[in-house]
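Trainee: I'd like to go over a predicted model; first the sequence, then the structure.
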Amino acid sequence: MSPSSSGTSALAPQNVALFGPPGSGKSAVGKLLAQQLQRPFLDMDARIEELAGKPIPEIFAADGEPAFRKMETELCRQLAGESGRVISCGGGALVDPKNREVMEASGWVIFLDCPQEVLLRRTQKADDRPLLSGDKEAQLLALLEKRREVYASFPNRVDASGDDPRRIAQEALALLKTLGSATLRVEAPPPAYDVILGTALLQSVDTLLSDRGLNPPFVVVSDSNVAPLYAESVCHALDAGLVEIPAGEEHKTLDTIRTLYDRFLKIGIERRATVVALGGGVIGDMTGFAAATFMRGVRWVNLPTTLLAMVDASIGGKVGVDLPQGKNLVGAFHPPSVVISDSATLDTLPEKELRNGMAELFKAALIADPLLFEWLERGNGPATQRWIERALAVKIDIVNVDPFERDVRAKLNLGHTVAHGLEAASEYALSHGEAVAIGLVAEARMAEALGVAQKGLAVRIEAVLTRLGLPTRFQKLTVPEVRAAMSSDKKKVGGQLRFVLPVEPGLAEIRQTVPEELILQTLEDVKESA
Ligand SMILES: NC(=O)c1ccc[n+]([C@@H]2O[C@H](COP(=O)([O-])OP(=O)(O)OC[C@H]3O[C@@H](n4cnc5c(N)ncnc54)[C@H](O)[C@@H]3O)[C@@H](O)[C@H]2O)c1
Ligand SMILES: [Zn+2]
């Protein structure tokens with residue numbers, strides 16, 4: 001359950017960097033903060049000494065300050081490419097705007113604020129600070145004066161004047177909680193509701209709900225994978241009973257809905273109760289549908305625990321179940337009262353499920369967020385929670401304008417016309433995310449062939465998907481099988497397949513028709529040659 005600390009995971013937690021003048025306590029506070037967050041700690045100055053094989057005063061004496069600053073810049077870049085660390089930065093490290101930019105992009109920078117007299121007292125004894133050799137007091141004052149503006153410009157600050165580093169670490173932790181969370185508003189379909197995104201939010205779920213006028217009685221619905229991980233604490237905080245159902249899309253049925261009704265009746269749920277969905281998109285869709293229909297509708301809240309549910313399924317108010325004849329054939333619009341996405345739950349999500357979510361997150365970038373596309377393409381942008389936030393914003397902006405899919409909401413189906421064919425033809429052996437990935441490549445190729453998309457877009461898309469560990473070709477199926485399955489897609493309009501085609505990163509357009517020969521040729525092109 002420990003968070004991944006390597007930079008290789010698609011979903012890396014952000015870095016936390018502590019910065020401040022000499023004597024502000026970055027190392028002591030950083031160590032404590034790292035313990036509390038259960039993250040690895042790194043002291044930049046210590047690492048530079050290790051790399052150089054000599055203490056910092058000697059680096060200054062032998063090689064000069066520029067050599068030291070160069071090492072600092074290289075280390076900043078390297079650390080920004082990794083993730084999940086608590087870093088104590090050297091007192092001058094983030095004075096260079098480029099170093100600051102990379103560190104801020106890789107996570108949160110917290111400035112330790114300390115009055116001059118305290119800094120003077122704390123640095124009096126130290127003899128390991130080359131910039132404070134000689135008359136320490138005069139040197140420090142000059143240094144503070146020189147860096148005054150830069151130091152003042154860091155927005156996230158903690159009072160570090162006290163002598164107990166544990167208290168300062170506590171304050172930093174409290175600040176991190178507020179920094180790490182964002183609240184977005186879904187306006188449509190009404191009633192409007194908040195989507196709160198952050199880490200460790202489940203720990204304060206009771207307050208988040210009561211702040212919004214949501215009070216007991218609650219009942220929690222979860223699945224057999226998620227319940228053992230998170231239900232106990234959520235049920236305890238909400239003083240709620242738990243209804244656990246078996247995990248998996250195969251259980252997204254009317255039979256399970258009947259089980260939910262039975263359990264709700266047994267628990268004695270009344271109309272003023274609130275149902276809490278705790279799980280991925282399957283749990284959200286089913287719990288929301290049960291809430292929409294039980295006693296003609298009760299309130300519900302959604303606590304999504306998969307990346308796909310966070311960036312996609314939890315937004316837009318659609319709830320429902322599958323029929324043997326097809327997916328999501330029965331449903332309703334029944335928006336939750338609030339969505340609370342705790343990104344810490346993604347630490348336990350299997351890699352395959354993370355990748356499924358990444359396909360939708362990337363789709364959002366392709367539809368409407370060129371900057372997110374760029375981050376994913378470069379692979380070294382800000383850490384994941386900001387990716388999630390931006391992808392969320394794309395979906396929210398679209399459903400706010402067109403809640404009932406009369407026009408622009410259809411853009412969210414980018415890649416999906418082909419994907420639905422691939423999923424169905426493979427009898428769901430291909431996961432949704434894998435099928436969407438291949439679908440995005442296929443539809444980008446069609447767009448290029450039609451002159452709708454920039455040349456080279458499909459290759460760029462393929463490169464990102466490959467980096468994310470997603471497939472870009474299908475195997476084992478024949479083109480006629482896939483093509484036939486595409487035709488049974490319920491989203492076709494008037495018997496015709498409708499495509500959404502990418503134009504450039506951050507722009508897509510809805511297209512009613514694509515010539516049949518081009519569809520077949522493209523499917524041939526994205527079929528893995530045996
Ligand atoms: N309502 C909408 O607008 C909308 C949009 C897109 C998708 N959906 C629906 O969403 C469903 C897919 O959602 P999904 O991909 O989240 O699938 P899911 O709910 O089946 O979750 C995937 C797997 O991960 C497990 N899991 C969930 N959270 C976990 C965690 N934190 N740690 C460990 N394991 C965890 C689940 O038990 C399951 O085995 C489909 O039914 C789809 O139709 C709905
Ligand atoms: Zn999808």
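Mentor: Thanks, I have it. Ligands and ions are numbered 1, 2, ... in the order given.
Trainee: Quick check: the gap between the spatially most central residue of the chain and ligand 1.
Mentor: Closest to where the C-alpha atoms of the chain average out (C-alpha atoms, centre = their mean) is Ile388, at 3.1 Å. With distances taken as C-beta to the nearest ligand atom, to the nearest Å, Ile388 is found 14 Å from ligand 1. Where you see a C-beta, it was placed from the backbone N, CA and C, and this is true even at glycine.
Trainee: And the next helix or strand past whichever strand or helix holds that residue?
Mentor: Assessed by DSSP states H and E, Ile388 sits inside helix 384-401. Going down the chain from helix 384-401, the next helix or strand is helix 416-425, by DSSP H and E.
Trainee: For that next one, output the C-alpha coordinates as PDB.
Mentor: C-alpha atoms of helix 416-425 as PDB (Å, rounded to 0.1, in the frame of the first residue of the first chain):
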ATOM      1  CA  HIS A 416     -14.700   5.400 -28.700                       C
ATOM      2  CA  THR A 417     -16.400   4.500 -32.000                       C
ATOM      3  CA  VAL A 418     -13.600   2.200 -32.900                       C
ATOM      4  CA  ALA A 419     -13.000   1.300 -29.200                       C
ATOM      5  CA  HIS A 420     -16.600   0.000 -28.700                       C
ATOM      6  CA  GLY A 421     -16.100  -2.200 -31.800                       C
ATOM      7  CA  LEU A 422     -12.800  -3.600 -30.500                       C
ATOM      8  CA  GLU A 423     -14.200  -4.300 -27.000                       C
ATOM      9  CA  ALA A 424     -17.300  -6.000 -28.300                       C
ATOM     10  CA  ALA A 425     -15.500  -8.000 -31.000                       C
END
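Trainee: Give the residue spans of this protein that score low on pLDDT.
Mentor: 1-13, 126-128, 133, 380-383, 489-495, 530 (pLDDT under 70).
Trainee: now Thr259: how far from ligand 1?
Mentor: Following C-beta to the nearest ligand atom, the distance that separates Thr259 from ligand 1 is 17 Å.
Trainee: show me the contacts for that residue.
Mentor: Ile245 (C-beta atoms under 8 Å, 6 or more residues apart in numbering).
Trainee: That one - that's part of a helix, no?
Mentor: Yes - looking at Thr259 with DSSP: H, G, I helix; E, B strand; the rest coil, it is inside a helix.
Trainee: Specify the beta-bridge partners of Ala277.
Mentor: Val221, Asn302 (DSSP bridges).
Trainee: Please look at it and Asn302 and confirm they touch.
Mentor: Yes - contact status for Ala277 versus Asn302: in contact at 4.9 Å, counting by C-beta atoms under 8 Å.
Trainee: intersection of neighbour lists for these two?
Mentor: Counting by C-beta under 8 Å, 6+ apart, the residues touching both Ala277 and Asn302 are Gly284, Thr287, Gly288, Pro336.
Trainee: Can you report how many residues neighbour the first one?
Mentor: Put plainly, it is Gly284. By other C-beta atoms under 10 Å, 28 other residues sit near Gly284.
Trainee: now the last one
Mentor: The criterion is other C-beta under 10 Å. On that basis, Pro336 has 29 neighbouring residues.
Trainee: tell me the SS of it?
Mentor: coil.
Trainee: Which residues are in contact with it?
Mentor: Pro336 touches Tyr193, Ala277, Gly288, Arg299, Trp300, Val301, Asn302, Ser314, Gly317, counting by C-beta under 8 Å, 6+ apart.
Trainee: Spatially nearest residue to the fourth one, not counting backbone neighbours?
Mentor: Right, the one you point to is Arg299. Thr274 (4.5 Å; C-beta to C-beta, 6 or more residues apart in numbering).
Trainee: The one you found and Val526: what is the separation?
Mentor: 45 Å (C-beta to C-beta, to the nearest Å).
Trainee: what does the protein have sitting close to ligand 1?
Mentor: Residues of the chain lying near ligand 1 by C-beta under 6 Å from any ligand atom: 223, 225-226, 229, 247-249, 252, 279-283, 285, 305-306, 308-309, 312-313, 316, 318, 327-328, 345, 348-349, 353, 356.
Trainee: In helices, which of the residues you listed fall?
Mentor: Per DSSP state H, helices hold the following members of those: Gly281, Val282, Ile283, Asp285, Leu308, Glu353, Asn356.
Trainee: how about the fifth one, what does it touch?
Mentor: Contacts for Leu308 were tallied using C-beta under 8 Å, 6+ apart; they are Gly280, Gly281, Glu353, Asn356, Gly357, Glu360, His432, Gly433.
Trainee: quick one, helices of the stretch 1-150 of the chain?
Mentor: Along the stretch 1-150 of the chain, counting by DSSP state H, counting those that start in this stretch, helices occupy 26-37, 44-52, 56-63, 65-81, 97-105, 116-123, 136-146, 148-152.
Trainee: hmm, who's touching the fourth one?
Mentor: Around helix 65-81, the neighbours that count as contacts under C-beta under 8 Å, 6+ apart are 7, 15, 17, 42, 44, 47-48, 51-52, 56, 59-60, 85, 87, 89-90, 92-94, 96, 98-99, 102-103, 105-106, 130, 380.
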